[in-house]
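# structure for the following, please:
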Amino acid sequence: MTHDLVVIGGGPGGYVAAIRAAQLGMKVAIVEKEDRFGGTCLRVGCIPSKALLESSHKYELACGELAQHGVVIGGVSLDLATMMSRKATVVQTLSKGIEALLGKNKITRVRGTGRLAGPGRVTVTGADGSSSELLAQRIILAVGSQSVVLPGISFDGDRVLAATGRKPATADIGLETVGLATDERGWIPVDAQFRTAAPGIYAIGDCIPGPMLAHKAEEDGV
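Now for the predicted structure:
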């Protein structure tokens, strides 16, 4: 299937770039391997954390701070299951909002892991192992970043948590098929217009040099 633009990655940079390109009249496809769009920030990072912080602050207020204002509450308890359920609802609502925007702008949504397969070509591998190919005049790499794990530690994202920083998720995305390589830190070099050294291929967000921030990725995407 041929498009004017294929975006690999459905995080803040990727989906904003896809929507803006569609608004400018391009035929756009966006590839995302996770079940939900929004990237690390929306699915497991900033948004879930802020939702839990808001609930925690309200619990703290009820436990004592409100008493300073003459509001006395007895028998305060924490229902963690309900708190986590609300957090999940917040994430789901925002993710569905992104899905709606993609649909409204007639963007083709492709589930699976995207990988460069040469100039103007992206292969997508589904969770079931199936494979398909997208052709595009332009490709944006918005593959994001991942947690840095210390050597010798098995990080499972559940019982073992990592707080040692993040690194670009640029391994095994087919850069070599278009003659590209990362720098010593794993970032993809780009110019001021986010063009890589390969014609027609751009990179934005956490996979290029600069702050790993959602709003920075969004601006890159625009």
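
# all helices of the protein, in order?
12-23, 39-43, 46-63, 80-104, 214-221 (DSSP state H).

# mind putting these into CSV with mean pLDDT and distance to Ser145?
Heads up, the C-betas are built off the backbone N, CA and C, glycines and all. Converted to CSV, those look like this (pLDDT from 0 to 100; distance: least, C-beta to C-beta, whole Å):
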stretch, mean pLDDT, distance to Ser145
helix 12-23, 98, 11
helix 39-43, 94, 7
helix 46-63, 95, 13
helix 80-104, 97, 19
helix 214-221, 97, 10
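
# any chance of these in CSV, plus mean neighbour count and distance to Gly174?
As requested, the helices of the chain are exported to CSV (neighbours: other C-beta atoms under 10 Å; distance: least, C-beta to C-beta, whole Å):
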stretch, mean neighbour count, distance to Gly174
helix 12-23, 24, 16
helix 39-43, 23, 20
helix 46-63, 14, 29
helix 80-104, 14, 24
helix 214-221, 20, 20
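
# turn those into CSV, columns for distance to Gly114.
CSV is the format used below for the helices of the chain (distance: least, C-beta to C-beta, whole Å):
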stretch, distance to Gly114
helix 12-23, 10
helix 39-43, 14
helix 46-63, 23
helix 80-104, 15
helix 214-221, 16
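
# and Ala197, how many neighbours?
Ala197 has 13 neighbouring residues, counting by other C-beta atoms under 10 Å.

# on the pLDDT front, check it for me.
Listed pLDDT for Ala197 reads 98.

# you'd agree it is up against Gly179?
Yes. Using C-beta atoms under 8 Å, Ala197 is in contact with Gly179, at 7.1 Å.
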